[in-house]
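> return a 3D structure for these sequence lines:
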Amino acid sequence: LERSALVVTPNGKYRLYISYVDPVGNRWRIDMMEADSPEHFDVSLRKRILTADSLQVEGVKDPYFLIFNGVHYMFFSYAPKLQSVSLEQVAQLHTTGDIFNTGKVKSVTGLATSQDGVSFRWLRDVPLLGTGWDSHTARVTCVLPTSSGFVVFYDGASDGARNYEEFTGIATSPDLVHYERISLERPVLVSPFGTGSLRYTHAISVGNDFYFYYECSRPDGSHELRLNIVKKEHLEALSVDN
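Next up, the predicted model:
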């Protein structure tokens, strides 16, 4: 069980979208629980949202949600279908319980939309993979609307060896169709400690500020959760300038 997304719907319902390894087949999938309040979530009543089989990929995980103009946008990480590999070899990779940690598949971001938050249609990939530090992994972790479009934060890595130790990149988008990467040569956000990993950046709007929560590496190599508070005007300037 890894990154999940807690969503409050327009009608006040609480939804928790969870990504976990399905015991049947060892492939990552995304399900959803719904309740009037978080303490009433019942995992036995979860609903299927996206699976590896439904999308014809090797795994799907790490949902991030944006409800914008009445539409539910779900960004998710997925492992593309392995090519030129035997079914036996694919099955062997899935015995690890985490296809993303084998180094044999890239971790890219897909975008799906829904009117009700239950039935999703996969629209397109989010084209953030680069050719250097983010050539293996480009996982969207946060999307912030601004007056001129969106600011997109994503986790990047150059190879599978940095799985669990990614850095943070930034891109802008006018419409969630076209994207311009700002972090072309190097990541924008890194930890000064340990492996330098800084990942899963997530922002919450509080008044005139954004509260940025993120996971970062410590001097001893372990990770911890930290918070930075950023004025919204700084994000607006970023979007306008790029």
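
> can you list the buried residues in stretch 33-45?
Using 16 or more other Cβ atoms under 10 Å as the test for burial, stretch 33-45 gives 33-34, 41. Heads up, the C-betas are built off the backbone N, CA and C, glycines and all.

> out of those, who's nearest Gly117?
Among the buried residues of stretch 33-45, Glu34 lies closest to Gly117 (Cβ to Cβ), at 8.7 Å.

> figure out how far the host helix or strand of Gln89 is from the centre of its chain.
Using DSSP states H and E, the element containing Gln89 is helix 87-94. Distance of helix 87-94 from its chain centroid, counting by Cα atoms, centre = their mean, to the nearest Å, is 25 Å.

> mind giving me the packing neighbours of the next helix or strand after that helix?
Using DSSP H and E, the helix or strand that follows helix 87-94 in sequence is strand 108-114. When contacts are defined as 3 or more Cβ pairs under 8 Å, 6 or more residues apart in numbering; DSSP states H and E, strand 108-114 packs onto strand 71-79, strand 121-126, strand 137-146.

> could I get the buried residues of stretch 33-45 as a markdown table with pLDDT?
Listed next are the buried residues of stretch 33-45 as a markdown table, based on pLDDT from 0 to 100:
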| residue | pLDDT |
| --- | --- |
| Met33 | 97 |
| Glu34 | 97 |
| Phe41 | 97 |
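
> inside helices: which ones of the residues you listed?
Using DSSP state H, no member of these sits in helices.

> give me the below-cutoff pLDDT ranges for this protein.
Along the chain, the model assigns pLDDT under 70 to residues 236-242.

> do a quick rundown of the helices in it.
52-55, 87-94, 232-241.

> as JSON lines, those with distance to Pro145 and mean neighbour count would be great.
Output for the helices of the chain, formatted as JSON lines (distance: least, Cβ to Cβ, whole Å; neighbours: other Cβ atoms under 10 Å):
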{"stretch": "helix 52-55", "distance to Pro145": "26", "mean neighbour count": "17"}
{"stretch": "helix 87-94", "distance to Pro145": "37", "mean neighbour count": "13"}
{"stretch": "helix 232-241", "distance to Pro145": "9", "mean neighbour count": "14"}
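
> looking at these, which is closest to Glu165?
Nearest to Glu165, of all the helices of the chain, is helix 87-94, at 20.4 Å by Cβ to Cβ.

> contact partners of the closest one?
Defining contact as Cβ atoms under 8 Å, 6 or more residues apart in numbering, one finds that helix 87-94 is touched by 25-27, 58, 82, 99, 102, 104.

> now do the same contact list for Lys231.
Neighbour list for Lys231: 208-210 [criterion: Cβ under 8 Å, 6+ apart].
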